[in-house]
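> sequence unavailable; structure follows:
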């Protein structure tokens, strides 16, 4: 199996900024991103900075057509192809991979 | 891989394919359709097996009267292609021996691959991209719509 094989889409949760670009570009609407805003105080800053914290990132592989547009458009390289091909399931709900499962597809750190 | 292209009138469709078959283009590689707005373009791709020469034949039928002679008498393999093109683009292939839908159950409504067809699932399912984390709790700054969807799209389908 080639290491660049387009088997499944892996997520690097720490790189994701919940910017929603992948969700909006996805032709099959298979990506769900849930996030909340948090105030982060920085030394020397007069006001706290608002950052988005990713709560849940899910891809429904029952809808995904493996086009890879989400990987191409991600400005933070939080998505990548992984060679795993064993992402089948006995029912439709199990085809929805959430944050931890998507992160588990990563080949390297 | 380039193929010679020929565009013929609807009336010459069967004759053109028959002539090509007689010239040795005996293998039907593909038959499909493209929505050109007020016309539906039907494309057939035939191959000459020895030299692997290819010819692409296309014709256009009016979208309001999308009838075309079947090619199944010449190429039995056209049967499935024509059934698929018929259900996806609303085409009618005159003389087809088995015009049942190939992939979908027969259903009322517009053919799904006509560009004028609004996909019902896109209305029923909320667009996940509508969520706006930057203005969470403050109300969206602007209404988010999927790319390529007209602003009045949802209003049009809900009436």
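That came through fine. Remember, it's a predicted structure, so these values are computed and weren't measured experimentally. Numbers count the residues shown, from 1 in each chain, chains lettered A, B, ... in the order given.
> domains for chain B, by residue range?
Domain assignment for chain B by automatic domain parsing gives B:4-94, B:120-158.
> next, name the residue at the spatial heart of chain B.
In chain B, the centroid-proximal residue (C-alpha atoms, centre = their mean) is residue B:33; its distance is 4.1 Å.
> what comes up buried for the helix or strand encompassing that residue?
For residue B:33, the host element (DSSP states H and E) is strand B:27-35. Under the neighbour-count criterion of 16 or more other C-beta atoms under 10 Å in any protein chain shown, strand B:27-35 has B:28-29, B:31-33, B:35 buried. Any C-beta I mention is one placed from the backbone N, CA and C, and that applies to glycine too.
> what's the model's confidence in it, averaged?
Rounded to a whole number, the mean pLDDT of strand B:27-35 is 96.
> that one pairs with which strands?
Here strand B:27-35 has these sheet partners by DSSP bridges: strand B:39-48 (antiparallel).
> pull the residues that contact the partner strand.
Defining contact as C-beta atoms under 8 Å, 6 or more residues apart in numbering or on different chains, one finds that strand B:39-48 is touched by B:3, B:13, B:17, B:20-21, B:23-35, B:53-63, B:66, B:68, B:71, B:75, B:78, B:85, B:89-91.
> which residues touch stretch A:19-26?
By C-beta under 8 Å, 6+ apart, stretch A:19-26 touches A:31-33, A:52, A:69-70, A:73-76, A:79, B:128-129, B:131-133, B:144, B:146-147.
> restricted to helices, list those residues.
When those are checked against helices (DSSP state H), the matches are A:69-70, A:73.
> which of those residues count as buried?
residue A:70.
> still on that earlier bit, which residues touch the strand holding residue B:33?
Applying C-beta under 8 Å, 6+ apart, the external contacts of strand B:27-35 come out as B:40-49, B:54, B:63, B:71, B:75, B:77-78, B:81-82, B:84-85, B:88-89, B:91, B:113-115.
> now the contacts of stretch A:19-26: which count as buried?
The neighbour count (16+ other C-beta under 10 Å) marks A:31-33, A:52, A:70, A:74, A:79, B:128-129, B:131, B:133, B:146 as buried among these.
> among those, which two are most distant?
A:52 and B:146 (21.1 Å; C-beta to C-beta).
> measure the residue nearest to the centre of chain B to chain A for me?
According to C-beta to the nearest C-beta, to the nearest Å, residue B:33 stands 21 Å off from chain A.
> neighbours of residue A:47, just the number please.
8 (other C-beta atoms under 10 Å in any protein chain shown).
> quick one: the strands in chain A, in order.
Using DSSP state E, the strands of chain A run over A:8-11, A:31-40, A:49-60, A:79-82, A:96-97.
> among those, show me which one is buried the most.
Scoring these by mean neighbour count under mean count of other C-beta atoms under 10 Å in any protein chain shown gives strand A:8-11 as the most buried, with a mean of 24.
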